[in-house]
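> Provided below are the primary sequence and the corresponding predicted coordinates.
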Amino acid sequence: MARDGAIYACQSCGGVQSKWSGQCPACGAWNTLVEEQTSARPPGALAPARSAKSRGAGLAFETLDVETPAPPRIITGVSEFDRVCGGGVVPGSALLLAGDPGVGKSTLLLQVAAHASLNGAKVAYVSGEEAIEQVRARAQRMGLAQATVQLAAETSLRLVVEGVKSGDFDLVVIDSIQTMWSDQLEAGPGSVTQVRAAAGELVRLAKKKRIAMILVGHVTKDGQIAGPRVVEHMVDAVLSFEGERGYPFRILRGAKNRFGATDEIGVFEMGDQGLREVANPSALFLNDTGERAAGAAVFAGLEGSRPVLVEFQALVAPSAYGTPRRAVVGWDTGRLAMVLAVLEARCGMSFGDRDVYLNVAGGLRISEPAADLAAAAALASSFVDRPLPQDCVVFGEVSLSGDVRPVSRMEGRQKEAAKLGFASALAPRLAADSATLAVHGVTRLSEAIDRIARGDW
Ligand code: TYD
Ligand code: MG
């Protein structure tokens with residue numbers, strides 16, 4: 001039975017229930033419902049409805065056809081970051097930077113804060129995780145000691161809000177939202193209740209004082225610390241910061257953006273002096289040993305508005321045991337199964353007694369269907385043990401019927417390849433009009449496989 005005045009918030013999905021139960025009815029997680037007091041309205045909840053009369057009187061409707069100026073932007077000077085934000089951060093907006101612990105969120109934002117301050121913005125960096133000395137030492141190691149960032153180490157939401165209010169800042173970084181807590185709430189620090197309250201308060205503050213507010217959110221697999229899920233709908237933009245373990249590359253990706261496109265990526269390389277911006281990711285993701293082996297195919301891909309060349313590497317080998325292995329890194333397992341099935345059904349190749357490994361070099365994750373033909377070419381090249389031409393890139397979508405379909409921005413992909421010294425492309429027939437590369441156009445996957453098997457280029 002629900003006690004009077006009590007509601008129960010799921011610490012996993014943020015759903016609110018009137019009754020406690022062992023399993024959250026909304027997301028199905030176990031033991032995640034925690035009691036909240038309803039005396040204070042839960043942050044983010046709507047204010048009690050005013051009477052219809054006063055609401056009608058206070059609401060002025062407007063039309064769509066009014067010239068609206070583009071929002072002003074603060075250019076931080078970290079150009080990969082600015083581009084993913086849609087051309088700088090917007091005053092009066094809130095942005096969430098989400099990522100695994102240790103991926104480099106604090107490093108990135110310290111750089112962003114420092115560069116923005118060097119560009120003339122008034123910047124505060126509030127760390128709830130590290131002592132001021134730690135942040136300062138890191139900034140010095142990264143060569144940013146002369147930046148005029150105002151540092152604070154604080155976890156009390158009340159003190160942070162008061163400090164930011166009195167500071168007249170343009171840009172404020174809160175690292176991280178999980179460490180901010182309000183003494184007005186009973187829930188423990190890091191709980192959904194606290195995270196939601198802190199985010200709500202900081203977002204309101206950003207709007208009111210026209211501050212560009214950047215919140216850091218850790219994503220953790222176990223449900224103990226509240227993930228930034230609950231914060232996502234409160235902020236104007238969500239960027240995720242990703243990196244494969246063991247690779248220095250970090251990718252900043254837009255997941256939601258009210259002020260820009262979401263398909264942009266920014267590429268960074270983590271070194272001992274912080275993150276270095278990578279303006280030409282193609283050169284980074286390509287295996288530059290010179291010789292291209294059998295089983296390798298260079299995919300001319302697109303990440304957001306930017307063409308990126310990456311190498312697909314396949315190994316097809318007889319399997320020693322009963323069940324053949326399928327392993328894939330950097331691409332979708334389901335997509336690999338589909339391409340293998342099409343190669344078997346439409347091109348007469350048999351993978352039933354072979355192990356198949358597929359790897360996208362450099363730690364990038366590819367999700368474009370345009371990569372189908374590159375994956376198929378790498379697999380076929382390994383299967384017949386014949387390399388593709390050294391100077392050839394591959395792109396095209398493969399359908400279940402074995403057709404090779406055109407993909408978006410074929411000209412842009414080829415231009416990028418030409419820039420990096422490639423001279424030909426294995427591509428959909430429609431791309432053959434291009435002036436930049438010699439195109440081996442195909443309409444069927446079997447044509448492409450024939451060429452690879454015969455070495456006929
Ligand atoms: P950090 O920014 O603290 O990660 P997050 O805030 O996302 O938890 O970065 C942590 C990792 O980055 C740490 O393992 C050390 C590494 N790092 C470098 O390799 N070079 C550097 O210059 C810095 C500052 C960090
Ligand atoms: Mg950190």
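Thanks, I have the structure now. Ligands and ions are numbered 1, 2, ... in the order given.
> If you drop the residues flanking it in sequence, what lies closest to the residue in the stretch 251-400 of the chain positioned nearest to ligand 1?
Proximity of the stretch 251-400 of the chain to ligand 1 (C-beta to the nearest ligand atom) peaks at G274, 4.1 Å away. Every C-beta, even on glycine, is put in place using the N, C-alpha and C of the backbone. Once flanking residues are discounted, G274 sits nearest to M142: 3.9 Å by C-beta to C-beta, 6 or more residues apart in numbering.
> Can you report how many residues lie near that neighbour?
Using other C-beta atoms under 10 Å, M142 has 18 neighbouring residues.
> do the same with the one 10 residues further on
A152 has 16 neighbours, counted by other C-beta under 10 Å.
> G77 too?
Neighbours of G77 under the rule other C-beta under 10 Å: 18.
> does it count as helix, strand or coil?
Assigned with DSSP: H, G, I helix; E, B strand; the rest coil, G77 falls in the coil class.
> what's across from the residue of the stretch 251-400 of the chain closest to ligand 1 in the sheet?
G274 forms beta bridges with G271, as assigned by DSSP bridges.
> Relative to Q111, how far out is it?
6 Å (C-beta to C-beta, to the nearest Å).
> any shared contact partners between those two?
142, 144 (C-beta atoms under 8 Å, 6 or more residues apart in numbering).
> For the two, indicate the residue with more neighbours.
Q111 (25 against 20).
> Please tell me I have it right and that one contacts Q273.
No. Q111 is beyond contact range of Q273, at 10.1 Å (criterion: C-beta atoms under 8 Å).
> which secondary structure elements does the longest helix along the chain contact?
As assigned by DSSP state H, the longest helix anywhere in the chain is helix 192-209. Packed against helix 192-209 by the contact rule (3 or more C-beta pairs under 8 Å, 6 or more residues apart in numbering; DSSP states H and E) you find strand 6-10, strand 33-37, strand 94-99, helix 157-167, strand 212-218, helix 229-232.
> how does it look with 6 Å?
helix 229-232 (3 or more C-beta pairs under 6 Å, 6 or more residues apart in numbering; DSSP states H and E).
> What is the helix it packs on packed up against?
If you count contacts as 3+ C-beta pairs under 6 Å, 6+ apart, helix 229-232 packs onto helix 192-209.
> Touching the helix it packs on from outside, list them.
9, 11, 14, 36, 43-44, 92, 94, 157, 161, 177-178, 180-182, 185, 187, 213, 226, 230-231, 234 (C-beta atoms under 6 Å, 6 or more residues apart in numbering).
> any idea of the mean pLDDT for that helix?
Average pLDDT, helix 192-209: 93.
> all strands of the stretch 51-200 of the chain, in order?
94-99, 123-127, 150-153, 171-175 (DSSP state E, counting those that start in this stretch).
> Between those, which one is closest to ligand 1.
The closest of the strands of the stretch 51-200 of the chain to ligand 1 is strand 94-99. By C-beta to the nearest ligand atom, the value is 5.6 Å.
> Determine which of the strands of the stretch 51-200 of the chain approaches F285 most closely.
Comparison of those against F285 by C-beta to C-beta identifies strand 94-99 as nearest, at 20.1 Å.
> Keeping just the C-alphas, turn the closest one into PDB.
Presented in PDB, the C-alpha positions along strand 94-99 are these (Å, rounded to 0.1, in the frame of the first residue of the first chain):
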ATOM      1  CA  ALA A  94      22.100  23.100 -21.900                       C
ATOM      2  CA  LEU A  95      24.200  20.400 -23.300                       C
ATOM      3  CA  LEU A  96      24.900  16.900 -21.900                       C
ATOM      4  CA  LEU A  97      28.200  15.200 -22.700                       C
ATOM      5  CA  ALA A  98      27.700  11.500 -22.000                       C
ATOM      6  CA  GLY A  99      30.300   8.700 -22.000                       C
END
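> Alright, I will stop here.
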